[in-house]
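In: Kindly generate the corresponding structure for this input.
(chains A and B)
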Amino acid sequence: MIETLGLFALGIISGIFSGIMPGIGGLVMMVLSLPILMECDPANILIFYITLVSVDQFFSGVTAITLALPGSAMSVPTMIEGHHMFRNNQGATAIMFSAVGSWFASVFAVLLIICLLPLLNNVYGVWNTIIQSTLFAIATIGICTVSRNNVFFNFVLFFSGLFLAKVGWNEEQGDLLYTFGFTILETGIPVLSVLTGLFVVPMLATAYMKNKQAINFQRLNLGGYIQTVKDMRKHTSTLVRSSFLGSIGGFVPGMSYAFSSMFAYSVERWIRVTNKQYKPGDVKCLIASESANNAGAFTQMVPLLFLGIPITASEALIYNILESRGLPVDIEWFKSTFTQVVFFFLISATIGMFLAGKYVNFLRVLNKLKVEYVYLGIILVCIALNYVVGAQQYNAVNQLMVTLLLIPIGLLFIKRDTTPLIFGFVLSEPLVDGFYRLYQLYI
Amino acid sequence: MKKLVALTVAAMAMFTSVAMAEDKINVVKYSRAGGLTDRMNENIAAALGDNFGEFIQVKGCAAAKKVIESSSTPTVAAWQTEYLVKDGKCSVDENLFQGSLASAPYYICHMADNAQAADVNFFKNGDIKVALWDSAFWSVPQTDFIQSVNPKAKVITYKSKPFKTALPSGEVDYKMSTIPKDGEACVAVLGETGEGIPSGKSFGTDSNFAELGYMYSIVGTAEVQKTVHSSDAWANRKDTKYQTQVKSYAETLSFLNEIQSKMAK
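Out: Numbering: from 1, shown residues only, chains lettered A, B, ... in the order given. A predicted model of the protein is given here:
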């Protein structure tokens, strides 16, 4: 019991840290915690992971909204809508809707899975390459038709993202691709470098040119949460739709809740644009992306718990830990942990929702700071984190240099929306692989 | 005189300790922490015991190769055998090949509740689809064996993560991998495992790859293969799916060349 509570607490701390620090995702925290996890009860490893992932979602959302720091590629939609709201003195609204929506989505995902329990053993019977590729195509077309640039330029950006993701050593081909003889590119272009250079920098530059007011964090309190719960009724359809889409996205092997966020956001923004209701800083789009990733964070566990299949790198690491310790990794054991996983997921989601508010209140120390200092600080933090994250993967200098090289390129995109490029970069492998597999299967 | 002897002994001790420190063997880690290759490197380090120096951590096999080739201290690494293919970015000279390390045979498996796939005649004669891990290198001998048994077989390549869900999706009948999962049953194993599963050779094919497994070698500047294989740490490792393998450089290269010639076709 003490070990369980200890790992639960460690999961919360790790989730806070990975949520706040860009590039330090769940996998990095899992690797850092490996020496501890190697000695723990196997069920507690799952509790640690689900707690980490759940809390991470709340803190990465707040960090993306207030500081425009993307914890990962899935925070991109949150940054686009949330930071715009924050800079227009709607920060409290953005954070509250994001946090409360995320909590509702967590509960929705749990209830959905409980309702589907009898069918879960055969979830991948319907969740095959055709369905997955269709969803990738919807997300692609969605984001390329609704982003601020013209459609042609969006597709150019998207395909540029696909291409950039292919650069470097390709394990499957056993060869270097598109490095053009540059040693620096041999280890590939890291996602955090792309986010920093081609998304954060142009977005902050654009935001600064539009609004030079000092940073202003509004205080959050319990009354705000209660009011937001009441106000959430106006967004019920968005919340339910996004929680459902996010739950589906969680099943995508290799992407899981990162795709949940992109998928739900693309669909919601497409609906808003089609209805001529979309404006930058759209609260419905924010709710969509933030609620979807929390729903996906839970449903990503389903393949592991009900089929014994790890679909993310972190889950594969859990699987490896169990295997390397000679512990049973059979489906019955995984299923037996379901109740515990649900319990700790819901508890951690509730704690995450309230701790995120405390975090925002803490950030009020930055109030009245000149926005240029804050944005410059954010860019410097991103650059430093590229070094730190690169060091985790034994690639510090390369990653730092790639980031610094991408920043001037990013500055060429001021006043442009580089979201399609980021989506292309992140979706590159599953999209290309999925369509090639369709060709192999049916043609 | 006593002082002279003491000084000489001290100097010799210092020299010996320096020499011993130099004898320590470093291990290069170059892959994702916790992954199979990473664990193989940890197994080597554990097997070296007191002779283990430190882990040198770099990203990717190309960087690891540079470390091994340039290091002045003895340095070794577990090497995915396909990296040894001549002229590859991660291939190393023969003098750096320290022997094979471990291998696990490929299994051809289906969902345990798939009665049609469980029928070996369906495997041999049906319009089957087989999922393979998307490796430009390994998919060649795998395809060669499968299509020598059943020329109508279609192979589908999957990246690592979707590969795991290929069988449950129902879009393929079989999956070829080294580690069958719970809930799967196997119609063939390309080796002799004593598990009662038909071996690749029992299908009587003319394929040269009826015995095939994923392999790790040891490369580096220290002869450690025997030390590793004979150590208690290696014998007592918990993850034993990969069994000890002893193959010479010539045997390994001949195997790689055979695959390469198939790839060229």
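
In: What is the burial count for A:Gly15?
Out: A:Gly15: 29 surrounding residues under other Cβ atoms under 10 Å in any protein chain shown. Just so you know, the C-beta spots here come from the backbone N, C-alpha and C atoms, and that holds for glycine as well.

In: Just to check, it is in contact with A:Tyr49?
Out: No. Applying Cβ atoms under 8 Å, one finds A:Gly15 not in contact with A:Tyr49, separated by 9.9 Å.

In: Near chain A, which residues of the stretch 51-200 of chain B? Just list them.
Out: Selection of the stretch 51-200 of chain B residues close to chain A by Cβ under 8 Å from any Cβ of the partner chain yields B:57-63, B:82-83, B:85, B:88-90, B:129, B:133-137, B:154-162, B:164-165, B:168-171, B:181-183.

In: Restricted to strands, list those.
Out: Counting by DSSP state E, those place B:57, B:129, B:133, B:154-158 in strands.

In: how about the strands in the stretch 101-250 of chain B?
Out: B:107-111, B:129-133, B:154-158, B:174-177, B:184-189, B:213-220, B:243-244 (DSSP state E, counting those that start in this stretch).

In: which one of the ones you listed lies closest to A:Asn211?
Out: Proximity to A:Asn211 (Cβ to Cβ) singles out strand B:154-158 among those, at 47.0 Å.

In: how far off strand B:129-133 does that closest one point, in degrees?
Out: 30 degrees (axes from the mean of the first three to the mean of the last three Cα atoms, to 10 degrees).

In: which residues of chain A fall in strands?
Out: Remark: strands assigned in chain A by DSSP E are A:168-170, A:175-177.

In: which helices and strands sit right next to the first one?
Out: Yep, that's strand A:168-170 we're talking about. Counting contacts by 3 or more Cβ pairs under 8 Å, 6 or more residues apart in numbering or on different chains; DSSP states H and E, strand A:168-170 packs against strand A:175-177.

In: Quick check: the closest residue to A:Ser14 other than its chain neighbours vs chain B, distance?
Out: Computed as Cβ to Cβ, 6 or more residues apart in numbering or on different chains, the closest residue to A:Ser14 that is not its neighbour in sequence is A:Met29, at 4.2 Å. Going from A:Met29 to chain B by Cβ to the nearest Cβ, to the nearest Å gives 12 Å.

In: mind listing what A:Met29 touches?
Out: A:14-15, A:17-18, A:52 (Cβ atoms under 8 Å, 6 or more residues apart in numbering or on different chains).

In: swap in B:Arg32?
Out: So B:Arg32 contacts A:313, B:38 (Cβ under 8 Å, 6+ apart).

In: Could you verify that it is part of a helix?
Out: No. With DSSP: H, G, I helix; E, B strand; the rest coil as the criterion, B:Arg32 is coil rather than part of a helix.

In: so A:Leu112 makes contact with A:Ile248?
Out: No. Using Cβ under 8 Å, A:Leu112 is not in contact with A:Ile248; the gap is 9.6 Å.

In: Between those two, which contacts overlap?
Out: A:Thr299.

In: Of the two, which one has the most company?
Out: The neighbour count for A:Leu112 versus A:Ile248, taken as other Cβ under 10 Å, is higher for A:Ile248 (22 against 17).

In: Surely the more buried one is in contact with A:Leu135?
Out: Yes. With contact defined as Cβ under 8 Å, A:Ile248 reaches A:Leu135; the gap is 7.2 Å.

In: roughly how far apart are the residue lying closest to A:Ile321 once chain neighbours are set aside and B:Gly34?
Out: Once flanking residues are discounted, A:Ile321 sits nearest to A:Leu37: 5.7 Å by Cβ to Cβ, 6+ apart. Separation of A:Leu37 from B:Gly34 (Cβ to Cβ, to the nearest Å): 9 Å.

In: Next one, pLDDT for the residue nearest the centre of chain A please.
Out: Closest residue to the average C-alpha location of chain A: A:Met74 at 3.0 Å, with Cα atoms, centre = their mean. With respect to pLDDT, A:Met74 scores 82.

In: Then A:Ile443?
Out: Looking at A:Ile443, its pLDDT stands at 84.

In: And B:Ala21, by the same measure?
Out: 46.

In: Let me see the contact set for residue 244.
Out: Because you didn't say which chain, this covers chain A. So A:Phe244 contacts A:108, A:112, A:295 (Cβ under 8 Å, 6+ apart).

In: my question was about chain B
Out: B:101-102, B:229, B:234.

In: next one: B:Glu54
Out: Listed by Cβ under 8 Å, 6+ apart, the contact partners of B:Glu54 are B:24, B:26-27.

In: run the last query once more with 7 Å
Out: Counting by Cβ atoms under 7 Å, 6 or more residues apart in numbering or on different chains, B:Glu54 touches B:Asn26.

In: what separates it from B:Ala45, distance-wise?
Out: 9 Å.

In: Can you show me the helices along the stretch 51-200 of chain A?
Out: Here the stretch 51-200 of chain A has its helices, by DSSP state H, counting those that start in this stretch, at A:76-78, A:84-85, A:91-115, A:123-126, A:129-146, A:151-166, A:191-195.

In: weakest of those helices by average pLDDT?
Out: The stretch with the lowest mean pLDDT among the helices of the stretch 51-200 of chain A is helix A:123-126, at a mean of 72.

In: Pull the number of nearby residues for B:Val76.
Out: Neighbour count of B:Val76, defined by other Cβ under 10 Å: 27.

In: mind listing what it touches?
Out: So B:Val76 contacts B:25, B:27, B:44, B:98, B:218-220, B:222, B:224 (Cβ under 7 Å, 6+ apart).

In: Repeat that for A:Thr63.
Out: Taking Cβ under 7 Å, 6+ apart, one finds A:19-20, A:69, A:71 in contact with A:Thr63.

In: repeat that for 8 Å
Out: Applying Cβ under 8 Å, 6+ apart, the residues near A:Thr63 are A:19-20, A:22, A:69, A:71, A:75.

In: Tell me which two of these sit farthest apart.
Out: A:Ile20 and A:Ser75 (11.4 Å).

In: Who has more neighbours out of the two?
Out: Ranked by neighbour count (other Cβ under 10 Å), A:Ile20 and A:Ser75 place A:Ser75 first, with 28 against 17.

In: which intervals of chain A have sub-threshold pLDDT?
Out: In the predicted model, chain A carries pLDDT under 70 at residues A:326, A:328-329.

In: Please give the number of neighbouring residues around residue 151.
Out: No chain was given, so I picked chain A. 13.

In: The intended chain is chain B.
Out: 8.

In: Can you report phi and psi for it?
Out: Note on B:Pro151: its backbone torsions stand at phi -60, psi -20 [degrees, to the nearest 10].

In: picking that back up, the contacts of B:Thr244 in helices, which ones?
Out: Those of those mapping onto helices are B:229, B:234, per DSSP state H.

In: Could you work out the most separated pair of the contacts of A:Met29?
Out: Pairwise distances across these (Cβ to Cβ) peak at 9.2 Å, for the pair A:Phe17 and A:Leu52.

In: neighbour-wise, which of the two wins?
Out: Remark: of A:Phe17 and A:Leu52, A:Leu52 carries more neighbours, 29 against 17, as counted by other Cβ under 10 Å.

In: A:Leu164 and A:Gly188 touch, don't they?
Out: No. With contacts counted by Cβ under 8 Å, A:Leu164 stays clear of A:Gly188, the gap being 9.2 Å.
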